[in-house]
Each structure stands twice: as structure tokens, then as C-alpha cells.
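A.B. asks: This is a predicted model, with the sequence first.
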Amino acid sequence: MGTLIVIGLIGFYGGGVWKFWNGFGRTNFNPTLTNRIGLSLLWPALFLTNQSYRRNFRKALKG
């Protein structure tokens, strides 16, 4: 059961990275590769702590 939860969390995290990476062009962030990688990989922490990031994350997902 624990393995299933871990696989689900990894899938959820990976899905967020994938969706944000593909929708990055719709955000207000500076479109450098470094920003794209960093903001995509840190999305859970930034989503929880930063209101501006949440708005941009939702923009990226609406594509």
C-alpha cells in the first residue's frame, strides 16, 4: 500500500512538472532555461508559499 502512495505522489509531482513546463510560455516569468527548469522542479513548494507563482502556475495549466 505504501508503495502505491509513493508511486501516486511521484506521478502527481511529475504531472505538475510536465504541465508547467509545457505551459511556461503563458506565464509572466522570464523565459530562460534556468528559470524554466528551476520553477518547474520547485512547483510544489512555490505553489504553497507564493501567491504570484500560484497565479502563473494556473495560467500555465490552462493551455
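C.D. replies: Yep, it's here.

A.B. asks: chain center to whatever helix or strand R55 lives in, what's the gap?
C.D. replies: Assigned by DSSP states H and E, R55 belongs to helix 51-61. Offset of helix 51-61 from its chain centre (Cα atoms, centre = their mean, to the nearest Å): 9 Å.

A.B. asks: Which strands or helices does that helix pack on?
C.D. replies: Helix 51-61 is packed against helix 2-22, helix 43-49, with contacts defined by 3 or more Cβ pairs under 8 Å, 6 or more residues apart in numbering; DSSP states H and E. (Glycine included, C-beta is placed from N, CA and C.)

A.B. asks: Please enumerate residues in contact with that helix?
C.D. replies: Residues outside helix 51-61 that contact it (Cβ atoms under 8 Å, 6 or more residues apart in numbering): 19-20, 22-24, 26-29, 39, 43, 46-47.

A.B. asks: in stretch 55-63, what's buried?
C.D. replies: N56, F57, K59, A60 (16 or more other Cβ atoms under 10 Å).
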